[in-house]
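In: from the sequence below, what's the structure:
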Amino acid sequence: MTGAGEWTGRVGGVWAKEWQRTDRSFGELTDRLLDPTALSSFSHALDIGCGAGEISIALATRNPNAAITGLDISSDLLAIARERAAELPNVAFHHADAATWHLDKAAIAPDLLISRHGVMFFDHPVAAFAHLRLLASTNALLRFSCFRERNANGWAELLQGILPEPLSKPDPHAPGPFAFGNEDRVSVILRDAGWKDIAFEPVDYAMIAGEGEGAVEEAVAYFLRIGPAASAIAALDGAARERAVANLRAMLADHREQDRIVLPAATWIVTANAG
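Out: Next up is the predicted model:
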């Protein structure tokens, strides 16, 4: 969870190795984002920041007569997505930045633009969403999820609490996981980019970090690779690192529910129309 530039290198590689755990952690949110009652029929869906492909694959499977295009800037994540979707003829993945990507001249303009946590990393969000609106068909639906503000996300606060020193607070508007947390700011971005009928649905969900008999250790391994505490713990040495890992393990054990490690997450599902 970092700026867009790092997704093209080490960060993208780490997330590619952790795609199964990541898809599981978003499970409840994914179901809400893909709620068929909220998605009108479409002929071409554009999956923005498609990552390892779960949203694209779900849409392609449910809508075999529709075209699905997934975009991502991480070649490592796209390799996983292409492998997973190898048997689906109606889905294609492109190594591209959605903020500047252009349709082939013969392609049908997308009438659904969707993203699961893939839109918070634009360097220039107004320009990016204006570009996407120009790509879209006249009455296209935009639907995406994003984290609400950091202090509403228990998982982030809990991870910060296990560190010997608090993480430095970045610019809340800088590209990153919480950049779209403020409803008013996102409304202005979308409105300035030309989108209409903007609506926000708050969705609280259970982030599943580990599962099964070894749920705690699985969750420890996950958060030592992914999330805001991973790089901070990696920078520690000796006893300080051991204490941080022990704190992480104890915190996760406190959030065990039967055979799962469950952490609280708070998101928006945002919708808007192009026309």
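In: where along the stretch 1-150 of the chain do the helices fall?
Out: Ranges of helices in the stretch 1-150 of the chain, per DSSP state H, counting those that start in this stretch, are 10-17, 19-25, 27-33, 54-62, 75-84, 125-135.
In: which residues of this structure fall in strands?
Out: 44-48, 67-72, 91-95, 112-116, 141-147, 196-211, 256-257, 260-273 (DSSP state E).
In: could you dump these to a markdown table with mean neighbour count?
Out: Quick note: C-beta positions are derived from backbone N, CA and C, even for glycine. Shown next, in a markdown table, are those (neighbours: other CB atoms under 10 Å):
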| stretch | mean neighbour count |
| --- | --- |
| strand 44-48 | 26 |
| strand 67-72 | 25 |
| strand 91-95 | 18 |
| strand 112-116 | 25 |
| strand 141-147 | 23 |
| strand 196-211 | 17 |
| strand 256-257 | 12 |
| strand 260-273 | 21 |
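In: could you list the low-pLDDT ranges of this protein?
Out: 1-13, 167-168 (pLDDT under 70).
In: ok, now with 50
Out: 5, 7-9 (pLDDT under 50).
In: in the longest helix belonging to it, which residues are buried?
Out: Using DSSP state H to define each element, the chain has its longest helix at helix 238-254. Within helix 238-254, the residues scored as buried using 16 or more other CB atoms under 10 Å are 244-245, 247-249, 251-252.
In: nearest to residue 73, of those residues?
Out: When the buried residues of helix 238-254 are compared for distance to residue 73 (CB to CB), residue 248 comes out closest, at 29.4 Å.
In: hmm, the closest one is touching residue 229, no?
Out: Yes - taking contacts as CB atoms under 8 Å, residue 248 lies within contact range of residue 229: 7.0 Å.
In: who touches both of those two?
Out: 159, 162, 223 (CB atoms under 8 Å, 6 or more residues apart in numbering).
In: quick check: closest non-adjacent residue to the residue nearest the centre of the chain.
Out: Nearest to the geometric centre of the chain sits residue 117, at 2.5 Å (CA atoms, centre = their mean). Leaving out its chain neighbours, the residue that sits closest to residue 117 by CB to CB, 6 or more residues apart in numbering is residue 145, at 5.7 Å.
In: quick check: that neighbour vs residue 242, distance?
Out: Relative to residue 242, residue 145 is positioned 36 Å away (CB to CB, to the nearest Å).
In: now do residue 162
Out: For residue 162, the distance to residue 242 equals 12 Å [CB to CB].
In: circling back to that earlier point, between the buried residues of helix 238-254, which is closest to residue 50?
Out: residue 252 (28.9 Å).
In: spit out the contact partners of the closest one.
Out: 209-210, 216, 219-220, 223, 261.
In: let's go with 10 Å and repeat that
Out: Neighbouring residues of residue 252 by CB atoms under 10 Å, 6 or more residues apart in numbering: 158-159, 162, 209-210, 215-220, 222-223, 261-263.
In: then residue 127?
Out: 99-100, 189, 192-193.
In: having no further points to raise, I will conclude here.
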